[in-house]
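K.L.:
got a predicted model here, sequence first, then my questions.
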Amino acid sequence: MIKVIIERHVAEGLESPYEKAVGDLLNAMTTAPGYISGESLVDCKEANHYVVIAWWANENAWNEWFNSKERKQLLNEIAPFLETDEKFTLLKQLAYHRYS
């Protein structure tokens, strides 16, 4: 499994329209092959900083979604609201830690 962190900075004042538009993109992602789970978050101290954290079966599944025509079309709908390009971080588990 991998975890993908997507960070987006939305232009100030466009947070509400972005939140409405990004829903379609997030819903489509949840039906992509290899998608496991995820969450969409907004920074408590920076209202235009959004973070999506998603678990994927593997890097190939993520790459298929990332390069898909559907994602590119939906991304075009939120692009006008973005202040900068998205930032992606792909993570894999280094070791299992047990906490008590």
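P.N.:
Noted; the coordinates are in hand. Numbering: from 1, shown residues only.

K.L.:
measure Gly13 to Val22 for me?
P.N.:
Relative to Val22, Gly13 is positioned 16 Å away (CB to CB, to the nearest Å). All C-beta atoms are positioned from the backbone trio N, CA, C, and that covers glycine.

K.L.:
please enumerate the helices of this structure.
P.N.:
Counting by DSSP state H, the chain has helices at residues 15-30, 59-66, 69-78.

K.L.:
relative to helix 69-78, how tilted is the second one?
P.N.:
Put plainly, it is helix 59-66. 50 degrees (axes from the mean of the first three to the mean of the last three CA atoms, to 10 degrees).

K.L.:
quick check: mean pLDDT of helix 59-66?
P.N.:
Mean pLDDT, helix 59-66: 98.

K.L.:
just how off-centre is that helix within its chain?
P.N.:
12 Å (CA atoms, centre = their mean, to the nearest Å).

K.L.:
also stretch 91-98?
P.N.:
The answer for stretch 91-98 is 21 Å, by CA atoms, centre = their mean.

K.L.:
also stretch 18-32?
P.N.:
In terms of CA atoms, centre = their mean, the centre of stretch 18-32 is set 9 Å apart from its chain centre.

K.L.:
neighbour-wise, which of Gly13 and Val22 wins?
P.N.:
Val22 (20 against 9; other CB atoms under 10 Å).
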